[in-house]
Each structure stands twice: as structure tokens, then as C-alpha cells.
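1. with the sequence up front, the predicted model follows.
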Amino acid sequence: MEPGAPDNVVPLRPSSRRGFWAQWPTIVVLSGVGVAMLLIGLDYFRRGSIVLSASVLLAAFLRMLLPESDAGLLAVRSRRVDVVTLLVLGVGLTIFTFWVPAPS
């Protein structure tokens with residue numbers, strides 16, 4: 001805190017005591033999304049869609065299992081809202097992955 005600043009002011013950037021690797025859940029999920037986009041871009045639509053679905057479902061399970069302090073950027077709202085939202089998106093992506101016919 002700056003000298004003379006009131007005690008009830010919240011700093012814009014909280015101190016990062018744990019560093020970059022404190023966001024490992026987000027890094028893992030976004031790496032999966034990146035691999036999925038690469039596969040889809042290389043014309044492996046079904047495989048890429050499965051990896052994308054798995055990444056979103058992994059985000060849901062990480063958010064459900066990790067404590068609030070370790071969830072990092074996966075913690076957006078309450079745990080229940082985050083998990084339900086990610087599960088609905090992950091299951092929906094999985095359904096659409098197998099519903100869309102394979103390109104001929």
C-alpha cells in the first residue's frame with residue numbers, strides 16, 4: 001500500500017505471491033482447447049471436438065474438486081454456478097460432437 005492511502009482501499013492488482021504457476025488449472029484447460037483448435041484446423045473435426053469437450057469437462061471437474069484458492073481463473077462465480085455451467089457446456093459439446101455426421 002502507498003503511504004497515506006486509506007486502509008479500506010483494495011489494490012487494483014493483488015500481489016501474486018504464488019506466481020504464474022498458481023494458474024495451472026487454467027493453463028491445463030486452455031492447453032487442451034489449443035490442441036483441440038489445432039486438430040480442428042488440421043481437418044480432424046471429430047477428434048478436435050472430442051478434445052474440446054474433454055477440456056471443458058476437465059474444467060468442470062477441476063472447479064468442483066479444487067479449493068477456491070487453487071482454482072485460479074476457473075473460479076468466476078460460485079462453485080455451484082461454475083460447475084453446472086461447465087458441465088452443461090461440456091455435455092452439450094459432447095452430444096453435438098457425436099450428432100454431427102462425419103464429413104464425407
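-> Alright, I've got the coordinates. Bear in mind the structure is a predicted one, so any value in this text is a computation, not a measurement.

2. quick check: which ranges of the protein have low pLDDT?
-> 1-18, 103-104 (pLDDT under 70).

3. can you pull out the helices in it?
-> 24-41, 45-65, 79-99 (DSSP state H).

4. dump these to a markdown table, plus mean neighbour count.
-> Heads up, the C-betas are built off the backbone N, CA and C, glycines and all. Putting those into a markdown table (neighbours: other Cβ atoms under 10 Å) gives the following:
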| stretch | mean neighbour count |
| --- | --- |
| helix 24-41 | 16 |
| helix 45-65 | 19 |
| helix 79-99 | 15 |
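
5. out of these, which gets nearest to residue 72?
-> Closest to residue 72 of the helices of the chain, according to Cβ to Cβ: helix 24-41, at 5.1 Å.

6. now that closest one against helix 45-65, angle please.
-> Helix 24-41 and helix 45-65 are oriented at 170 degrees to each other (axes from the mean of the first three to the mean of the last three Cα atoms, to 10 degrees).

7. next, the angle from helix 24-41 to helix 79-99.
-> 20 degrees.

8. picking up where we left off before, and the helices of the chain as CSV, adding distance to residue 71?
-> Formatted as CSV, the helices of the chain follow (distance: least, Cβ to Cβ, whole Å):
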stretch, distance to residue 71
helix 24-41, 6
helix 45-65, 6
helix 79-99, 8
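
9. tell me which of these sits nearest to residue 73.
-> Going by Cβ to Cβ, the one of these nearest residue 73 is helix 24-41, 4.4 Å.

10. list of residues touching the closest one?
-> Residues from elsewhere that reach helix 24-41 (Cβ atoms under 8 Å, 6 or more residues apart in numbering): 21, 47-49, 51-52, 54-56, 58-59, 62-63, 66, 70-74.

11. if you set the cut-off to 10 Å instead, what comes out?
-> 20-21, 23, 44-60, 62-63, 65-66, 70-75, 86, 93 (Cβ atoms under 10 Å, 6 or more residues apart in numbering).

12. ditto for stretch 68-80
-> Outside stretch 68-80, the residues touching it (Cβ under 10 Å, 6+ apart) are 18, 21-30, 59-60, 62-67, 82-86.

13. make it 8 Å
-> 22, 23, 24, 25, 26, 29, 59, 62, 63, 64, 66, 82.
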